[in-house]
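Peer 1: no sequence on this one, just coordinates:
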């Protein structure tokens, strides 16, 4: 069982690799190697299994093809240009999120072993003309270039799975909060930083209103759902391999209250409230309420409380001796 | 008013050019030039307006860019690899239907004048996990590479329209019947040939069952709807610029009965009934019933009877002195 993770240097790629390393097997087979691909070759500290890092720009079709000299049994495709960046630079988003995905999928096709492919799509697929509460089966109407590019990848995944070239499973991720690390160019970056940074004594700005509803999921849940997606039978997805993942909806104020419950009142006092029209315009096109019935039927996990997310962040991500 | 029609040598491109030439104006402005682009430079016999032909392979980004040295006010994008061909050759379909469309849209973007763009999508966008009767707002789940590629073009059109780089309108065309000319590699080719060829004294095979329901529209209706799409206000489409076009549903048997009503009993006798599993598999993924409420609200035309389509074919497409 050889596993490739693109975006393997990112925080979800790292957490996923750690979880796979810990469980030692996938789809009933012992994992023999985990390859982490990213722009800079990632490492995984303290791994038990053989983990190798690969420097790979997925825009480079020849390099991607060469990376498949030896076939993988499972590929997790997480590499992407995030929403804010894809909105600021349309061509970069297209090159990475569309062409990069196509390069990867073509390499998988030509490897000829029809591996399991788990693709990170996003609830940014939704918006615009869709109902206020998203349910399964509504027409995707993304209102960002990132969302549009993610959906184009979904279409490739589904078509190539239909052709038997891969056994694809596309997951539309809710906003992941609390994301560790530094703020990034994602329009949703504040949905983590107002918790992550303030709990670590820093000031953090919230560009949205307090009553903005966030459809979110915790990193632990995401990792569990990525692994679940790889484990289950592809045929269970039916003719549409792309699904909405479960999550939960809380307003910014409700999430802050959950943080206060777990971490005390100080962090909330460090949040500043300078509205940002650019961010507000992007996130206004998203949806805050989603019922992921198909995913729940397929056994995917749903977050039960943001207080859990706060606790998990403190357990998993805060450097203990800080 | 300069107009570009890609696929301008195809039968719809030719009929559209003829209609535009006849009406002389579009969007309230006199048409000064119609450019017909196709793999071989098309002509338009007996045109009143200046019509020029351009040999253009839309896979060639530099050539497409060069074709926009002078900007167009309205672009009709009809050029595509058809369904059967895109199913037989995935890469060709991708190169023309996805990359070709992207090349065109990027050239439009960089021309900088945000022209009206009317894009020919297809009801092949629908299938799979969708309900038996398609209504507006259902998640697209194409079951052919052609359908998947057309939807990817829709996503580009919508995103570039949202960005203000074009004023796009995507139309999902029902099966066009009766299509003049010769049989082609479209899986739907028989949906015209069993009428077109038998009315001209030839034998034609029907690969489907008699009770297969066809969601169809006549060439005259398609041309009227393309022009209507260019005329109306883009904002009327709302945040989703891609719509289902109206059409009507008849079984193969009902369409044959309509032909017999108009053209007598001989043509139906020339139909052979050899089932084709390849064609049947493709068309089984399509949908025969569709309610196009949004398009009707926007004033698009709906076919009233297949007998009309038979009459229009005889009037428009049969060489009179044959």
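Peer 2: Yep, that arrived. Computed from a prediction, not measured in an experiment: that's the story for all the values here.
Peer 1: for residue A:19, give me phi and psi.
Peer 2: Main-chain dihedrals, residue A:19, degrees, to the nearest 10: phi -70, psi -40.
Peer 1: how about it: what's its closest non-neighbour residue?
Peer 2: Excluding the flanking residues, the one nearest residue A:19 by Cβ to Cβ, 6 or more residues apart in numbering or on different chains is residue A:223, at 5.0 Å. For glycine as for every other residue, the C-beta is placed from the backbone atoms N, C-alpha and C.
Peer 1: okay, and the one you found sits in which element?
Peer 2: helix A:219-231 (DSSP states H and E).
Peer 1: now that helix: mean pLDDT?
Peer 2: Here helix A:219-231 scores 98 as its mean pLDDT.
Peer 1: by contact count, what packs against that helix?
Peer 2: If you count contacts as 3 or more Cβ pairs under 8 Å, 6 or more residues apart in numbering or on different chains; DSSP states H and E, helix A:219-231 packs onto helix A:11-23, strand A:25-26, strand A:74-77, strand A:116-122, strand A:167-173, helix A:306-316.
Peer 1: okay if I get these as CSV plus mean neighbour count?
Peer 2: Formatted as CSV, those follow (neighbours: other Cβ atoms under 10 Å in any protein chain shown):
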stretch, mean neighbour count
helix A:11-23, 19
strand A:25-26, 14
strand A:74-77, 26
strand A:116-122, 25
strand A:167-173, 25
helix A:306-316, 18
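Peer 1: look up the pLDDT of whatever residue of the stretch 201-322 of chain A ends up closest to chain B for me, please.
Peer 2: For the stretch 201-322 of chain A, the residue closest to chain B is residue A:239, as judged by Cβ to the nearest Cβ, at 3.4 Å. Model confidence at residue A:239, given as pLDDT, is 96.
Peer 1: what helix or strand is the closest residue to residue A:306 other than its chain neighbours located in?
Peer 2: With Cβ to Cβ, 6+ apart as the criterion, residue A:306 has its nearest non-adjacent residue at 4.0 Å, and that residue is residue A:258. In the assignment (DSSP H and E), residue A:258 maps to helix A:252-263.
Peer 1: what's that helix packed up against?
Peer 2: Where contact means 3+ Cβ pairs under 8 Å, 6+ apart, helix A:252-263 is packed against helix A:190-199, strand A:213-217, helix A:266-269, helix A:306-316.
Peer 1: let me see the contact set for residue A:269.
Peer 2: Contact analysis of residue A:269 by Cβ atoms under 8 Å, 6 or more residues apart in numbering or on different chains lists residue A:198.
Peer 1: and if we set it to 10 Å?
Peer 2: Residue A:269 sits next to A:198, A:203, A:260 when contact means Cβ atoms under 10 Å, 6 or more residues apart in numbering or on different chains.
Peer 1: and those, which are buried?
Peer 2: A:198, A:260 (16 or more other Cβ atoms under 10 Å in any protein chain shown).
Peer 1: export the contacts of residue A:269 to JSON lines and tack on distance to residue A:21 and pLDDT?
Peer 2: Compiled in JSON lines, the contacts of residue A:269 are given as follows (distance: Cβ to Cβ, whole Å; pLDDT from 0 to 100):
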{"residue": "A:198", "distance to residue A:21": "31", "pLDDT": "97"}
{"residue": "A:203", "distance to residue A:21": "36", "pLDDT": "96"}
{"residue": "A:260", "distance to residue A:21": "35", "pLDDT": "98"}
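Peer 1: the strand or helix carrying residue A:281 vs chain B: in contact?
Peer 2: Following DSSP H and E, one finds residue A:281 within helix A:277-284. No: using Cβ under 10 Å from any Cβ of the partner chain, helix A:277-284 stays clear of chain B, with a minimum separation of 11.1 Å.
Peer 1: so which elements touch that helix?
Peer 2: Packing partners of helix A:277-284 (3 or more Cβ pairs under 10 Å, 6 or more residues apart in numbering or on different chains; DSSP states H and E): helix A:83-88, helix A:190-199.
Peer 1: at 7 Å what do you get?
Peer 2: Of the remaining helices and strands, none touches helix A:277-284 by 3 or more Cβ pairs under 7 Å, 6 or more residues apart in numbering or on different chains; DSSP states H and E.
Peer 1: before we move on, the earlier item: contacts only, for the residue of the stretch 201-322 of chain A closest to chain B.
Peer 2: By Cβ atoms under 7 Å, 6 or more residues apart in numbering or on different chains, the contact set of residue A:239 is B:128, B:129, B:141, B:143.
Peer 1: who wins for proximity to residue B:16 among the helices and strands packed on helix A:252-263?
Peer 2: Proximity to residue B:16, assessed across the helices and strands packed on helix A:252-263 by Cβ to Cβ, is greatest for strand A:213-217 (43.6 Å).
Peer 1: excluding its backbone neighbours, what's nearest residue A:63?
Peer 2: Here the residue nearest residue A:63, using Cβ to Cβ, 6+ apart, is residue A:56, at 5.9 Å.
Peer 1: nearest to chain B: which residue in the stretch 51-200 of chain A?
Peer 2: residue A:128 (3.4 Å).
Peer 1: quick one: pLDDT of the residue nearest to residue A:236 when sequence neighbours are not counted?
Peer 2: Computed as Cβ to Cβ, 6+ apart, the closest residue to residue A:236 that is not its neighbour in sequence is residue A:298, at 5.8 Å. In this model, residue A:298 is scored at 98, pLDDT.
Peer 1: equivalent analysis for residue A:322, please.
Peer 2: Looking at residue A:322, its pLDDT reads 40.
Peer 1: what does residue A:319 give?
Peer 2: Residue-level pLDDT assigned to residue A:319 equals 61.
Peer 1: what's the answer for residue A:14, then?
Peer 2: pLDDT at residue A:14 comes out at 97.
Peer 1: which ones are touching it?
Peer 2: Residues in contact with residue A:14 (Cβ under 7 Å, 6+ apart) are residue A:44.
Peer 1: list the buried residues in the helix holding residue A:223.
Peer 2: Of the residues in helix A:219-231, A:219, A:220, A:221, A:222, A:223, A:224, A:225, A:226, A:227, A:228, A:229, A:230 count as buried by neighbour count, 16+ other Cβ under 10 Å.
Peer 1: distance check, the residue nearest to residue A:306 against residue A:25.
Peer 2: 35 Å (Cβ to Cβ, to the nearest Å).
Peer 1: with residue A:231 instead?
Peer 2: Taken as Cβ to Cβ, the span from residue A:231 to residue A:25 is 10 Å.
Peer 1: so residue A:295 sits against residue A:240, correct?
Peer 2: No: if you go by Cβ atoms under 7 Å, residue A:295 and residue A:240 don't touch, sitting 11.9 Å apart.
Peer 1: in chain A, which helix or strand is least confident?
Peer 2: Lowest mean confidence among the helices and strands of chain A (mean pLDDT, DSSP states H and E): helix A:277-284, at a mean of 88.
Peer 1: who are the packing partners of the helix or strand just after that one?
Peer 2: Note on helix A:277-284: by DSSP H and E, the next helix or strand toward the C-terminus is strand A:289-290. Judged by 3+ Cβ pairs under 7 Å, 6+ apart, strand A:289-290 is in contact with strand A:133-134, strand A:213-217.
Peer 1: direction included, what does the first one pair against?
Peer 2: So that's strand A:133-134. Strand A:133-134 pairs in its sheet with strand A:289-290 (parallel), by DSSP bridges.
Peer 1: same check, this time on the last one
Peer 2: Listed by DSSP bridges, the sheet partners of strand A:213-217 and their directions read strand A:175-176 (parallel), strand A:248-251 (antiparallel).
Peer 1: next, give phi and psi for residue A:200.
Peer 2: According to degrees, to the nearest 10, residue A:200 has phi -110, psi 20.
Peer 1: any idea how far the residue of the stretch 201-322 of chain A closest to chain B lies from residue B:73?
Peer 2: Applying Cβ to Cβ to residue A:239 and residue B:73 gives a distance of 41 Å.
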